Structures are given as C-alpha cells and as structure tokens.
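Engineer: generate coordinates for the sequence data below:
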Amino acid sequence: MTQIFLMFATLKIGTSMLPPSEMAVVFMLTSAVAIVSALLINPVGMFMNRRMHAWHEAGSLTRYFHLFYVAVAMVGLLCLAAAAWGLPLYNGVHGRSVPMLAGLIAASLVTLSINSTAISGLNLLGRTREFLFLSAGTAALSLACAFGFASTFGKSAEHWFLGIIVGQAIVGMLAARSFPAIATPRKASPVLERRKVRSLFAFAWPISIAVGLASIQAQGYRLLGGNFIAMTDLGLVAAGVGVSVAIMSSVESILSSYLMPAFYRTIGASTPDAQMQAWAAYARVAIPIFVVTGCYLAIVAPELVGLFMGPAYADAGQYVYWGVIAEVCRVVAYTFAMVLHAKFKTRALIVPALCGAFTALATFLLLARPFQGLGVGISIAAASAAAAWATFLAVRKEIRNLLNVHLFWPVPLGAAGIYVTALGLKAESGHATMFSQILVVGICGLLYLAVLFAMGRRSIKNT
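Structural biologist: Sure, this is the predicted structure:
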C-alpha cells in the first residue's frame, strides 16, 4: 500500500507542478532509459535472479555484483554517446540542452540498474524487510528530491528527472552495500569462465530481443509521439496510461515480492514437473488478481484522474481505459512468459515480442496522425493484446490442465460487485466533488481489497 500511495503522490505532485508538455519530456526520458535497460540490462538481471541462490551458497555473490556494476557503467557510457547523437532528431527536445538530456538518460540508466538489481536481490535472498523498506525508500526519496529540485531550480522536466536520479542513487548505494554482509567468501571458480559466459549469453540474448521489443511496444509511442502529435497531447496520453501503469506495477511488485522468491528457489533445483507446479502456484494467484485490478481501475478511472492529477490533466481520463487493457494484457503475458524462463526456453519469447512491436508500430503509424491521442491509445492496447495472445500460444501445451477455468469464476462476481457499488455511490453523490471522488475510490477500493483477499486465499488453498 505504501508503494501505491507513493506512486500516486509522485503522479499528483508531478502533474500539479509540470504542464503536460514538460511531463511529455519526463515520460520520453523515462522510456529511453527503459528501452535501453530492457535491451542490455534486464536480461542479465534475470540471469542473476536465476543463479542468485547458487552464487550465494558458493560465496561468490558479491564478486558477481561488482562485475555487474562495472558492466552497467560501460553501458551507461555507450548510452550517453547514443543519446547525444539521437536526441536532436526528436522534435520534443528543440530548445533544450541535448548534452544535459543525454547525461540524464545515462545517469538514470546506471542508478536505476544498480538500485533495482540490488534491492530485488535482497528480496530473493529472503531479506524481505530490507526489500520493502528500500523499495518504499526509493520512491519516497526520489519524490522528495524531484520536488525539491523542481521547486528550487525551476519547474522543468530536467530538474524533476534529476531529482528522481538522485533518490535512486542514494538508496541504490545503501542496498548495494548490504551484500558483503550476506555473502560468505570462500574459494570459488573464476567469475568469467568461458562456460559461464556462454551460459549467460544463451539465456540472455533471446530475452534481450524479446524484452527490448516489448519495451518498444509499450513505450515507443513516447519517443515517436512528439513527431506525430502535439507534446501537450502526448503528455495527456502518457499521464492517462500512467495511472494504469502505476497501480498495476505496484500490484505486480507486491505479488512478486511474496511469490517470486519461492518460484525461483523451486525452479533452480527441481524436476520439470515441479517447475511447472511452481509456475501454476504463482499463476493461480496472480492472473485473477491482475484481471480484477484492471476492472477496478476501469470502474473508478474518472475519480482517479480527478484525485491524482493536476487540473491541466482533466482530459487524460479518456486514456486510462486503453492503459487498463494494455496493462492487464502485459502482466498476464509476463505470467505466461515465466513458463519459458523456468524451462530456459527463452528463444520462444521472441515471436510474441515481434508480434507486439509490429502491431504497435503499424497501428501507431496508421492511427496517430488522423486520430491524435485516441489513435495512440488504441495502438497501445492493440499491441499489448497481440503480444499476450502470441505468448499464450507459445506456452499453451506446457500449461494445459494447470489452470482450470473454475479457479477464475470469482473474477466476474468481484468485478460486478465493485461496479454496482460504484454506480450507487456516483448516483448518490451527484456532482463530482473531491469528497465524492474520495468516497468512490475509497469504498470501492476496500471492496476491491476484500475481493483480492478472498481470491488469493482461495487460490492458495487450491494449490
């Protein structure tokens, strides 16, 4: 809950301080970092998660993390050069300092990579309290620094983004310093054996392509949009979709923090049948929760925009619905993809990613200019749905008989209950005021949490 509160606090303060045109630049910088990270950093991080417990047992965990940090610094330098060359081609940065923007992208890539890898590593090793504290600490300190920098130096995208970087860097260093106390150094094989490098490459390159394409599919519109629609409209689209992303990512993070350690521990040293049962235990809990979360977001979307965005973003509400469709498809597709991670069949991720990226590009080019923001929203949702369907087709044989339909019947019942409650509250309150918005979001939110608790308990009991 702390994570969700901080996400919305960041969204509220950011949209209150910065106009849509400035927020569009913030989203552009964030997407540039996310795409580079997806191509070059995340696949290595996934491999490290896969081997985390083995390295910990061997006492070599710290050495691998130090090597990872060196690699991240090198990628950051490459990113700096690429951003300095590519940014002048983007219409949205005209009149801004290209070297500063390139430096912000590179610095954010380095600090975010260190922060996320170190904090998630603590969680995988059973340090749940530190994980939760540092995760919340990253969001809180980043928000405080962003607010402070924008208030002190000027309300611009650059100052806001710089504050985010400083917060990530401080907490990331604290997390990274925790690892020497965890690992127990002892004699171990060399870190960079040829066999280990081949294993990393075989695992990581398909994920690099797949995750990179998926990131382009989900966030490429932020990079291309400035050349097709007005920056103000792009900021409204990104903010509306961002509401869905904020909540769904928080729910996904909470589920992962509790379910992923057991999943990775099981698939690391078990039979194929046990690996699939571990995946089924995760999916039976996660998929219904993701779908109900999407239903809740769609039902209270107007109230969420009114509460958690500044007045200049009132028109962003129409884009929340497209973000809901895209996010539900994304997290369900990721859940299916975990089957391929468990079995080391990561090459099979490439085709779904290609489907999503191709759909995103084709629909964007077809719809963005004539329909502006609406066309972009449709493009985002269509691409995510295409990628989810292709991922399901890739794993349908492996998951056959593991997910029974009767496990999901509480989903429509829970969604219907939330919808009827929201209709009654909106009819009773009449005009939309801040009090009525809080009432609808709060009461429907309590019902949503009750539905999640009931479904999670039932799914775990049936596992």
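
Engineer: in what helix or strand does residue 221 lie?
Structural biologist: Take DSSP states H and E as the rule and residue 221 turns out to sit in helix 194-224.

Engineer: surely residue 220 meets residue 28?
Structural biologist: No - the criterion here is Cβ atoms under 8 Å, and residue 220 misses it with residue 28 at 10.8 Å. Any C-beta I mention is one placed from the backbone N, CA and C, and that applies to glycine too.

Engineer: quick revisit: and the helix holding residue 221, which residues are buried?
Structural biologist: Across helix 194-224, burial judged by 16 or more other Cβ atoms under 10 Å covers 200, 203-204, 206-224.

Engineer: same check, this time on stretch 285-301
Structural biologist: For stretch 285-301, a neighbour-count test (16+ other Cβ under 10 Å) marks 285-301 as buried.

Engineer: do stretch 423-443 as well
Structural biologist: Residues 425, 426, 436, 437, 439, 440, 441, 443 are the ones in stretch 423-443 that count as buried (16+ other Cβ under 10 Å).

Engineer: wait, doesn't the fourth one sit right on residue 303?
Structural biologist: Yes - using Cβ under 8 Å, residue 437 makes contact with residue 303 at a distance of 4.2 Å.

Engineer: list the buried residues of the helix or strand harbouring residue 159.
Structural biologist: Using DSSP H and E, residue 159 sits within helix 157-176. Within helix 157-176, the residues that qualify as buried are 157-172, 174-176, counting by 16+ other Cβ under 10 Å.

Engineer: returning to what we had before: what angle do the helix or strand just after the helix holding residue 221 and helix 157-176 make?
Structural biologist: Downstream of helix 194-224, the next assigned helix or strand under DSSP H and E is helix 231-268. Counting by axes from the mean of the first three to the mean of the last three Cα atoms, to 10 degrees, helix 231-268 lies at 10 degrees to helix 157-176.

Engineer: and the helices in the stretch 251-400 of the chain?
Structural biologist: For the stretch 251-400 of the chain, the helices defined by DSSP state H, counting those that start in this stretch cover 272-299, 301-308, 320-342, 350-395.

Engineer: excluding covalently adjacent residues, which one is nearest to residue 41?
Structural biologist: What sits nearest to residue 41 in space, not counting adjacent residues and going by Cβ to Cβ, 6 or more residues apart in numbering, is residue 113, at 4.8 Å.

Engineer: separation between the one you found and residue 168?
Structural biologist: In this view, residue 113 and residue 168 are 10 Å apart by Cβ to Cβ, to the nearest Å.

Engineer: quick one: low-confidence ranges for the stretch 301-450 of the chain?
Structural biologist: For the stretch 301-450 of the chain, applying pLDDT under 70 flags the ranges 341-344, 346, 402, 404-407, 430-432.

Engineer: give the contact list for the residue nearest to residue 347 when sequence neighbours are not counted.
Structural biologist: In space, and not counting its chain neighbours, residue 347 is closest to residue 206: 4.3 Å by Cβ to Cβ, 6+ apart. Taking Cβ atoms under 8 Å, 6 or more residues apart in numbering, we find residue 206 in contact with 346, 347, 348, 349, 350.

Engineer: turn those residues into TSV, including neighbour count and distance to residue 149.
Structural biologist: Converted to TSV, these look like this (neighbours: other Cβ atoms under 10 Å; distance: Cβ to Cβ, whole Å):
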residue	neighbour count	distance to residue 149
346	23	39
347	14	43
348	18	44
349	27	38
350	17	40
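
Engineer: which residues touch the residue nearest to the spatial centre of the chain?
Structural biologist: Geometric centre of the chain, nearest residue: residue 249, 5.1 Å, by Cα atoms, centre = their mean. For residue 249, the contacting residues are residue 7, by Cβ under 8 Å, 6+ apart.

Engineer: what's residue 18 sitting at in phi/psi?
Structural biologist: Note on residue 18: its backbone torsions stand at phi -110, psi 140 [degrees, to the nearest 10].
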